[in-house]
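Asks: just to be clear, the model below is a prediction. Sequence and coordinates:
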Amino acid sequence: MEKRAIIAALLMAGLLIVYQTLFVQAPESPPPPAQTSPAKKSETPAPKATPPLMSQGQQPPAGIPNPMPAPAVPERTAVVETPLYRAAISSRGGTISTWDVHFHGDRPMVLPGLLGSGGLRTVGPGRPNDFVQFRISTQSLVLGPQAPEGDLELVGEDGFGLRITYTLRFRHDSYLVQQHVKIENRQKLPQSAELKMAWTAPVEWPKEQEHFGGPRPLHVVQLNEGAFWPYRSALSEDRKFPGVGKWVGFESAIQQGGLLGQAGTYLVAFVPQSPGLRVFEIKEEEPGTVPAKPKKQVEIGLLLTVPALGADEAWDGQLETYMGPMEFEKMKALGVGLEKAIYFGGFPIPESKARDWGLPTLPMEWITVPILWFLRWLYRQIPNYGVAIILLTVISKVLFFPLTLKSMRSMKAMQALQPQINALRSKYKNDSQRVQRETMELYRENRVNPLGGCLPMIVQIPVFYALYVALSVAVEMQSAPFICFGRFFGMNLWICDLAAPDPTYVLPILMGVSMLIQQKMTPTMGDPRQAKMMLIMPVVFTFMFLNLPSGLVLYWTLSNVLQIAQQLYMERRSPTQRTTGRVANKKA
């Protein structure tokens, strides 16, 4: 039975290795689809950004509006302070010049000249693709429990008779910014226009530049209407998203190999809330080059299509922008599907591969989210995720103890029956089917389940897998310490990040020692020489766990220690097992 338990453990570890080998880029999207026909091209948001963007189906203006130069407005900046972030909004198009998230330290979401907001621009026939110059209602906005929300109003002119009122509503407890755009036509002639609100990012980052608080590659992620899984693509991929998007965003991801490839940590997303607003993503090629060179920047955002407005008529639109860490519970509470940007993977095939291959898969969200919820609940009681993992391990062992007890009894009974099984093998050494039948009959007579020893291992696989996914994708556990003594010569002492491997290798070694002790205490069946060969497995597992998250190694090590304690408890009940063995010998 020990052999079956080891095989089950190997299968579980082999599953991780296969994913690391075959699906290291699981979240990545497949290669670009074949070129769509011109008849279907209108379904995709227009990717060309060469002179001013035109919305599809837009009616030309009823007349050519006369230029109405906007009054000169001095550039000013409004600062918004909340417990979650600090932001600076410029009067030049409402551009976000600063957005520092207070999460595991200060993380800049805007990097001047590289990553940031493109502000609000007017685009369309005869209009300059330029920022709207706004007047700001206030230069300081401080929010907290006493002032939970506040508005920042920006009012400006486009130079052709359109007055634009851009209102941003901030909350002290959310990274979501609710925005309202009102456009009034002050001309006597009807006119229409388009406004563009975007973020830009470079395809290739300077090697010396740290972006989003660390060396993390960006992806474009978009959820389309009616889709369960969002689409993802690297900035360098020449791939355009089909369908009508519910939201679009930039996702920063920690560079990591393994089962999940790259797990998102921070998100900038645009969510349209009114008709006339649509998401877009632009990945252009430089014109006049053969072969064409990729564009240096990628642009995502919203296009606000303003219908033809008569004199003194107005148009209103609603949208939302999320700029913060990818916390599952907070994003799901928004009710717009942003939580789907978190990649939990699929079993046994990653969701991106299953979607493109047309194969079924089990979303790991169904298993991982309850584990995450329970860990967060434990963390609220004891603010240390390492302690939360320890409590999770103890509770799972207590819940599975009846199965463990049954497994140990089964293994003890099988060990007691081993002499009779060896005798059957000698008696029918030329008839393997007869040996199998007689062995199963012997098991039935003694009420022994040969698969009972594998039950504890099988039931722990979902917990093990879900904890691995949680440590890989949960932004709350990134940089979460357990027992951290600080840094020494640039190395953390001891476990300062449960989502990263143990830099001292102490925990994997302790895991290997505990596994060796557990294996020595486990009842042996079969060939003794084969049992000695199996002693190499703790060494193999130690090397496998060296590069796994230290929180996962902590779970496995403590699980081994508790298993040893349970085996010692069973040894005290061994007289019952010896009686079962004597009865079996008499029957034999």
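Replies: Happy to help now that I have it.
Asks: give the rounded mean pLDDT of stretch 129-146.
Replies: Averaging pLDDT along stretch 129-146 yields 89.
Asks: out of everything not next to it in sequence, what's closest to T138?
Replies: Distances taken as Cβ to Cβ, 6 or more residues apart in numbering place A78 nearest to T138, at 6.1 Å, with adjacent residues excluded. (C-beta placed from N, C-alpha, C; glycine too.)
Asks: oh, I was asking about V394
Replies: L562 (7.0 Å).
Asks: can you check Y385 too?
Replies: In space, and not counting its chain neighbours, Y385 is closest to A480: 4.4 Å by Cβ to Cβ, 6+ apart.
Asks: count the residues that sit near T138.
Replies: 13 (other Cβ atoms under 10 Å).
Asks: distance of it from G276?
Replies: Per Cβ to Cβ, to the nearest Å, T138 is found 29 Å from G276.
Asks: likewise for Q187?
Replies: Counting by Cβ to Cβ - Q187 and G276 are separated by 20 Å.
Asks: over to P419?
Replies: To G276, P419 is 82 Å away according to Cβ to Cβ.
Asks: higher neighbour count, those two?
Replies: More neighbours surround G276 than the other of P419 and G276, with 16 against 13 (other Cβ under 10 Å).
Asks: my guess is that one meets L319, correct?
Replies: No - between G276 and L319 there is no contact under Cβ atoms under 8 Å: 10.4 Å.
Asks: mind giving me the domain split of this structure?
Replies: Here the domain parsing of the chain from automatic domain parsing is 59-334, 381-587.
Asks: now render the ones you listed as JSON lines, adding distance to A341.
Replies: Shown next, in JSON lines, are these (distance: least, Cβ to Cβ, whole Å):
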{"stretch": "domain 59-334", "distance to A341": "5"}
{"stretch": "domain 381-587", "distance to A341": "10"}
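Asks: which among those is found nearest to M364?
Replies: Comparison of those against M364 by Cβ to Cβ identifies domain 381-587 as nearest, at 5.4 Å.
Asks: which strands or helices does the lengthiest helix in the chain pack on?
Replies: Among the segments of the chain that qualify as a helix by DSSP state H, the longest is helix 401-427. Secondary-structure packing of helix 401-427 (3 or more Cβ pairs under 8 Å, 6 or more residues apart in numbering; DSSP states H and E): helix 432-445, helix 455-473, helix 550-571, helix 574-587.
Asks: select, out of these, the one closest to W366.
Replies: Proximity to W366, assessed across the helices and strands packed on helix 401-427 by Cβ to Cβ, is greatest for helix 455-473 (9.4 Å).
Asks: average pLDDT across that closest one?
Replies: Rounded mean pLDDT across helix 455-473 is 77.
Asks: distance from that helix to the middle of the chain?
Replies: Centre-to-centre, helix 455-473 and its host chain are 16 Å apart (Cα atoms, centre = their mean, to the nearest Å).
Asks: mind giving me the packing neighbours of it?
Replies: Applying 3+ Cβ pairs under 8 Å, 6+ apart, one finds that helix 455-473 contacts helix 2-22, strand 262-272, helix 365-381, helix 385-399, helix 401-427, helix 550-571.
Asks: any stretches of the stretch 401-550 of the chain with poor pLDDT?
Replies: Within the stretch 401-550 of the chain, the stretches with pLDDT under 70 are 449-457, 489-490, 522-534.
Asks: just to revisit the earlier point, mind checking which of the helices and strands packed on helix 455-473 is nearest M511?
Replies: helix 550-571 (4.2 Å).
Asks: helix 385-399 and that closest one, what's the angle between them?
Replies: Counting by axes from the mean of the first three to the mean of the last three Cα atoms, to 10 degrees, helix 550-571 lies at 30 degrees to helix 385-399.
Asks: going by neighbour count, which residues of the longest helix of the chain are buried?
Replies: The neighbour-count check on helix 401-427 (16 or more other Cβ atoms under 10 Å) flags 403-404, 407-417, 420-421, 424 as buried.
Asks: equivalent analysis for stretch 114-126, please.
Replies: The neighbour-count check on stretch 114-126 (16+ other Cβ under 10 Å) flags L115, G116, S117, G118, G119, L120, R121, T122, V123, G124 as buried.
Asks: just how off-centre is that stretch within its chain?
Replies: The mean C-alpha position of stretch 114-126 is separated from the chain mean by 30 Å, Cα atoms, centre = their mean.
Asks: report the contact partners of the residue nearest to R86 when sequence neighbours are not counted.
Replies: Nearest in space to R86, with sequence neighbours left out and distances taken as Cβ to Cβ, 6+ apart, is D100 at 4.8 Å. D100 makes contact with Y85, R86, A87, D106, R107, P108, M109 under the criterion Cβ atoms under 8 Å, 6 or more residues apart in numbering.
Asks: does the second one belong to a helix, a strand or coil?
Replies: Meaning R86. strand (DSSP: H, G, I helix; E, B strand; the rest coil).
Asks: neighbours of it, how many?
Replies: Neighbour count for R86, taken as other Cβ under 10 Å: 15.
Asks: roughly how far does it sit from V177?
Replies: Between R86 and V177 the distance is 14 Å, computed by Cβ to Cβ.
Asks: now do I183
Replies: In this view, I183 and V177 are 19 Å apart by Cβ to Cβ.
Asks: cool, R437 as well?
Replies: Here R437 is placed at a distance of 72 Å from V177 (Cβ to Cβ).
Asks: these two: which is more packed in?
Replies: Counted by other Cβ under 10 Å, R437 and V177 do not tie: V177 has more neighbours, with 20 against 13.
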